[in-house]
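Here is a sequence together with a model predicted from it:
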Amino acid sequence: MIESIIPEIEALERRLRYYSIMGIRDVRLSKESKSYIRDPLFNINDLDELRQYIEGCRRCELHKGRKNIVIGEGSSNAQLVFVGEAPGREEDLEGRPFVGEAGRLLTKIIAAMGLKREDVYICNVIKCRPPRNRDPKRHEMERCVPYLEKQLEIIAPEVICTLGRIALIGLFRRDMKITEVRGKWLKWKDIPVMPTYHPAFLLRNPSSKREVWEDMKQIIRHLGLEGRN
């Protein structure tokens, strides 16, 4: 959506005016910038079109072991987007995000918020299952994160909820500790982000469900969903 890049355009205009004042007339794009602008992904503004673009992706080695690419599902007009880390075995088989045991817990959390899965959008940082469900490697995330960023740009949600450490690192592209930021509002390109624990972590540590629910209540208040749960 053009509105989402207006701040970047305005910042570029200010920088170019500064260069002009300083007498700099020849400003060149880097090879990386030119490559990005030429990439069809740059001009995609529809989730169906994005899905077609991602299908058959071979940007990293993970494509060799996948059964299905797990792109995401839900409302293209969602107020709330949940971002996980990577597909597991059941997700890889079905081609859908969060359909295993952790996914069923996430569905219950969404219902407790007064919403349905089809009301939100659910996706992962990584679109292909890593071998033996290992953590995604940094270079794999770097290849795949542009897809996530494009999904968020198209949907333009009011809130993003990252689920677990990997989702947090992938979205912000830097090392962060979930234990230090969980339950604290962050921002990604002016969109409020609520980091919380992954449902798989809750299955191993049921006592942390209370903390996650406190995080969800913050989202409920932010979206004005009180009374729906």
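Noted; the coordinates are in hand.

hey, where'd the helices end up in this protein?
2-21, 31-38, 47-54, 89-94, 101-112, 138-155, 165-172, 178-181, 199-204, 209-223 (DSSP state H).

Tabulate the ones you listed (CSV), appending distance to residue 72, mean pLDDT and mean neighbour count.
Where you see a C-beta, it was placed from the backbone N, CA and C, and this is true even at glycine. Compiled in CSV, these are given as follows (distance: least, C-beta to C-beta, whole Å; pLDDT from 0 to 100; neighbours: other C-beta atoms under 10 Å):
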stretch, distance to residue 72, mean pLDDT, mean neighbour count
helix 2-21, 18, 59, 10
helix 31-38, 22, 54, 10
helix 47-54, 8, 94, 16
helix 89-94, 11, 96, 17
helix 101-112, 13, 97, 17
helix 138-155, 6, 95, 19
helix 165-172, 13, 96, 23
helix 178-181, 21, 96, 14
helix 199-204, 16, 97, 17
helix 209-223, 19, 98, 16
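
Isn't residue 186 up against residue 196?
No. Contact criterion C-beta atoms under 8 Å: residue 186 and residue 196 do not qualify, at 11.4 Å.

more neighbours, those two?
Taking other C-beta atoms under 10 Å, residue 186 and residue 196 do not tie; residue 196 has more neighbours (28 against 16).

thought that one was touching residue 159?
No. Applying C-beta under 8 Å, one finds residue 196 not in contact with residue 159, separated by 11.6 Å.

Tell me the bridge partners for residue 161.
Beta-bridge partners of residue 161, counted by DSSP bridges, are residue 82, residue 194.

ok, now which ones touch residue 44?
50, 53, 150, 154 (C-beta atoms under 8 Å, 6 or more residues apart in numbering).
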